[in-house]
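Build the 3D model from these lines:
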Amino acid sequence: MTMGANVAILQKRPRRLPMPLSWNEIRARALVFSREWADESSEDAEGKSFWDGFFNVFGITRRRVASFEKKVKRIDGKDGYIDLLWKGVLLVEQKSRGKDLDRAYAQATDYFPGLKERDLPRYVLVSDFARFRLYDLETGEPDEFPLRDLHKNIRRFGFVAGYQPHEIRPQDPANILAAERMGRLYDRLRESGYKGLPLQVYLVRLLFCLFAEDTGIFEKQQFREFIERKTAEDGSDLGDRLATLFHVLNTGDDGRLTTLDEDLAAFDTAMRQALLDCCGLDWSRISPAIFGSLFQSVMDPAVRRNLGAHYTREENILKLIRPLFLDALRAEFERVRRNRRQLEKFHRKLASLRFLDPACGCGNFLVITYRELRLLELDILRELYKDRESGFLDISRIVWLDVDRFHGIEIEEFPAQIAQVALWMTYHQMNLRISEEFGSYYHRLPLRTSPNIVYGPGKGNALRIDWATVVEPMALSFILGNPPFVGKQHQSADQKADMEAVFDGAPGTGPLSSASREPVGGSARSWGPTSSSTESLGGAFG
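Numbers count the residues shown, from 1 in each chain. Model prediction:
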């Protein structure tokens, strides 16, 4: 296929994504499906048609995500054929009516040794037409129900429908696995001579694509399929193809990624495999709050298995934001939740809040703050619409909290880019939670709002710039964060100069550490180094 054809595919797919069906429509389709197949019994005659129809229940074309009769080596070394395989997600073993489903499951797991690690499924589904039994290999618990009850159990297949919000756990082993796989890719790229800021930015762009295909921004496994099907196995054209992809994502008004630098990464076979291994992870499970730590560990092999040692942990961030504003907002919600007018007023207040982290780094404080506020907004929406009659609800009109209310200052470009991407990813994860709650898929693409992160030596030094150039003082609600600590003996000449500029030669300030130069938590009435306000800063310290 020519480069022009590849461009056409990339331009077409990421922009006009098929909207997942509502749960109500999926249930209705499930009822029709179960009635249509109520009397089928022969695996050989109708097995493939059965599964094509099953995927159609969710508005998905089966061949878009899964293949029939995948040849693999079984555990006994003999050839076997998987009835249906959705790489990394689902393996199906179909039997004729009345057959033993325990044996079907054993047969399904016999195929595992013949699969690449990145292709191993999370779910195994066995059926004899009359029954479904779904195994979640992470929880280890099967669910079994008859075909006639498919509509009652349809939410168990949220991973097919595109509705599958995960409980994001900061200590999830998936975070460590992600760091290890991204680390191997980083090592391969660096060994090829690609390094410095261009490599760092390249990894952020790849992370966006990995996350996008697992959370509904792209079609299911679209990025992985693009690499497997549209690039050479030796990786010789992968760098050019990725450059084209990044350029297309930046075309028009989308503004999701910036155009790739001319200095492109040159891939080989091992590098291509390392990227495909990254595609094999479920990135929807990865907390955006650990992106900064993830990338720091990626670039230092010695700390890849000690993920979280070099960033402010989520529980510590919550210790700051809860007493600073979150507890009060939660208490206000409880007071007004049964008064619709007051609750709507509170919702407007919540959407008007603005936050600044003047030393935001990779955005951990902003990410956790945004997530907690979106969870509070979800509680508001539950209360406001709990008595609504079934039918379509335009979620885009009732979700008001956006990422453009979050501001940050950061000297270095790379952490600032991570902060922006992490906030976008949190934004999308919370949209998935809303979609699951109200049964109607919700996203805002292309991205038209952005976090307001200023960076760079000239404008990203919080000790030198007027913070009023970042956010209007009277519009700001809270300042929060965890500025870096550098003791006097370890300060650079530039840091000591910053100290002198902030205190303007005030006596007794020489021994102070760098952390003393910035406020850490409190109301926005205190201001930055060029502000005339001298009001003391209240709140907690991280």
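
Now the residue positioned nearest the centre of the chain. Nearest residue, chain neighbours left out?
What sits nearest the mean C-alpha location of the chain, by CA atoms, centre = their mean, is residue 425, with 4.3 Å. Spatially, and ignoring its direct neighbours in sequence, residue 425 is nearest to residue 288 (4.2 Å; CB to CB, 6 or more residues apart in numbering). (Each C-beta comes from the backbone N, C-alpha and C, glycine too.)

In contact with residue 321, which residues?
365, 368, 369, 372, 480 (CB atoms under 8 Å, 6 or more residues apart in numbering).

wait, is residue 125 part of a strand?
Yes - assessed with DSSP: H, G, I helix; E, B strand; the rest coil, residue 125 lies in a strand.

so it sits right up against residue 136, yeah?
No - assessed by CB atoms under 8 Å, residue 125 is found out of contact with residue 136, at 10.2 Å.

does residue 140 count as helix, strand or coil?
Applying three-state DSSP: residue 140 is coil.

and it, how far is that from residue 124?
11 Å (CB to CB, to the nearest Å).

Who has more neighbours out of the two?
Using other CB atoms under 10 Å, the more surrounded residue of residue 140 and residue 124 is residue 124, with 21 against 7.

list the contacts for that one?
90, 91, 92, 93, 105, 108, 109, 134, 135, 137.

can you rerun that using 6 Å?
Taking CB atoms under 6 Å, 6 or more residues apart in numbering as the contact definition, residue 124 lies against 91, 108, 135.

Likewise for residue 104?
93, 95, 126.

Recalculate using a threshold of 8 Å.
Contacts of residue 104 (CB under 8 Å, 6+ apart): 93, 94, 95, 126, 127, 128.

same question, residue 144
Residue 144 touches 101, 131, 132, 133, 134, counting by CB under 8 Å, 6+ apart.

and what of residue 344?
residue 384.

Quick check: which ranges of the stretch 1-150 of the chain have low pLDDT?
Within the stretch 1-150 of the chain, the segments meeting pLDDT under 70 span 1-20, 41, 43, 45.

now the helices for it?
3-12, 23-36, 43-57, 62-65, 101-110 (DSSP state H, counting those that start in this stretch).

Output those in JSON lines, with distance to residue 191 appended to each entry.
Below are the helices of the stretch 1-150 of the chain laid out as JSON lines (distance: least, CB to CB, whole Å):
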{"stretch": "helix 3-12", "distance to residue 191": "27"}
{"stretch": "helix 23-36", "distance to residue 191": "47"}
{"stretch": "helix 43-57", "distance to residue 191": "41"}
{"stretch": "helix 62-65", "distance to residue 191": "34"}
{"stretch": "helix 101-110", "distance to residue 191": "37"}
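
Those helices: which one's closest to residue 410?
Closest to residue 410 of the helices of the stretch 1-150 of the chain, according to CB to CB: helix 3-12, at 31.1 Å.

Give me the secondary structure label for residue 234.
Classified using three-state DSSP, residue 234 is coil.

so it touches residue 271, yeah?
No - contact criterion CB under 8 Å: residue 234 and residue 271 do not qualify, at 10.0 Å.

Comparing the two, which shows the higher neighbour count?
Counted by other CB under 10 Å, residue 234 and residue 271 do not tie: residue 271 has more neighbours, with 22 against 12.

Surely that one is within a helix?
Yes - assessed by three-state DSSP, residue 271 belongs to a helix.

Identify the residues contacting it.
185, 188, 189, 192, 235, 238, 265.

And it, what's its pLDDT?
Note on residue 271: pLDDT of 86.

and if you look at residue 366?
For residue 366, the predicted pLDDT is 94.

I'd guess it is in a helix, am I close?
Yes - counting by three-state DSSP, residue 366 is located in a helix.

With adjacent residues omitted, what lies nearest to it?
residue 406 (4.8 Å).

Select the longest helix from this protein.
In the chain, assigned by DSSP state H, the helix with the most residues is helix 413-438.

Which strands and helices lie in contact with that one?
Helix 413-438 sits against helix 196-214, helix 291-298, helix 364-384, strand 406-410, strand 452-455, with contacts defined as 3 or more CB pairs under 8 Å, 6 or more residues apart in numbering; DSSP states H and E.

that older thread, want to try TSV for the contacts of residue 144, with neighbour count and distance to residue 490 as columns?
Putting the contacts of residue 144 into TSV (neighbours: other CB atoms under 10 Å; distance: CB to CB, whole Å) gives the following:
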residue	neighbour count	distance to residue 490
101	17	64
131	18	66
132	22	62
133	18	61
134	19	56
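
Make a PyMOL selection of the buried ones in the contacts of residue 104.
To isolate the buried ones among those in PyMOL, judged by 16 or more other CB atoms under 10 Å, type:
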select buried, resi 93+94+95+126+127+128
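
from the contacts of residue 104, which is closest to residue 154?
Of the contacts of residue 104, the one sitting nearest to residue 154 (CB to CB) turns out to be residue 127, at 14.9 Å.
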